[in-house]
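S.K.: Have a look at this fold, sequence not included:
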């Protein structure tokens, strides 16, 4: 009799375990899927935020396709008056990275030296909109703004990858 009672108790415990397992599967797993989807969306948003250049950037283009052009002389650019009210200057050496197989390179990139004066005036006009404080707080933002203005100059082509400062002094 004790064996049968013990068997019935074990069978009851197995059934309770089965019911609780089903309860967990049907209540927690869908919520876990929702949380996983939310985490995936957040990770995607962060990834998109970090890689804002949709046409490609210097890290996604193979190195053998990247061509650089450095302006021959450093540019002396007056900066916008800042919080201190004094005038400041920036002396910048500019290097432009281009995709040799990108859209527009055959039209503009191979003869970019012929358009150096246009490039210089665009860079001066763009950088002079920033104060010294803004320039130091967001140097990458200044580079991105220069890049966008240069892309506009070259009719929205996508062969321009990045703008870098190979020399930078401010006063």
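M.R.: All right, it came through fine. Note that the coordinates shown come from a computational prediction; the quantities given were computed from them, not determined experimentally.

S.K.: Go ahead and confirm residue 94 touches residue 124.
M.R.: No - under the criterion of Cβ atoms under 8 Å, residue 94 makes no contact with residue 124, lying 10.4 Å away. For the C-beta atoms, the positions are set from N, CA and C on the backbone; glycine is no exception.

S.K.: higher neighbour count, these two?
M.R.: residue 94 (23 against 15; other Cβ atoms under 10 Å).

S.K.: and that one, backbone torsions?
M.R.: Backbone torsions of residue 94, given as degrees, to the nearest 10, read phi -110, psi 130.

S.K.: Over to the one 4 residues further on?
M.R.: According to degrees, to the nearest 10, the main-chain angles of residue 98 amount to phi -130, psi 150.

S.K.: do the same with residue 69
M.R.: phi -140, psi 120.

S.K.: Look at it and say how many residues are nearby.
M.R.: Neighbours of residue 69 using other Cβ under 10 Å come to 15.

S.K.: ok, now which ones touch the closest residue to residue 112 other than its chain neighbours?
M.R.: Computed as Cβ to Cβ, 6 or more residues apart in numbering, the closest residue to residue 112 that is not its neighbour in sequence is residue 69, at 5.2 Å. Residue 69 sits next to 95-96, 98, 112-113 when contact means Cβ atoms under 8 Å, 6 or more residues apart in numbering.

S.K.: Quick check: beta-bridge partners of residue 69?
M.R.: When bridges are called by DSSP bridges, residue 69 pairs up with residue 96.

S.K.: and it, what pLDDT?
M.R.: Looking at residue 69, its pLDDT stands at 89.

S.K.: could you give me the average pLDDT of stretch 162-169?
M.R.: 88.

S.K.: Centre of the chain to that stretch, how far?
M.R.: On the basis of Cα atoms, centre = their mean, to the nearest Å, stretch 162-169 is displaced by 18 Å from the centre of the chain it belongs to.

S.K.: now what about that stretch, what contacts it?
M.R.: Contacts for stretch 162-169 (Cβ under 8 Å, 6+ apart): 57-58, 70, 74, 90-97, 139, 143-144, 146-147, 150.

S.K.: among those, which ones are buried?
M.R.: 74, 90, 92-94, 96-97, 143, 146-147, 150 (16 or more other Cβ atoms under 10 Å).

S.K.: Just the ones of the residues you listed in helices?
M.R.: 143, 146-147, 150 (DSSP state H).
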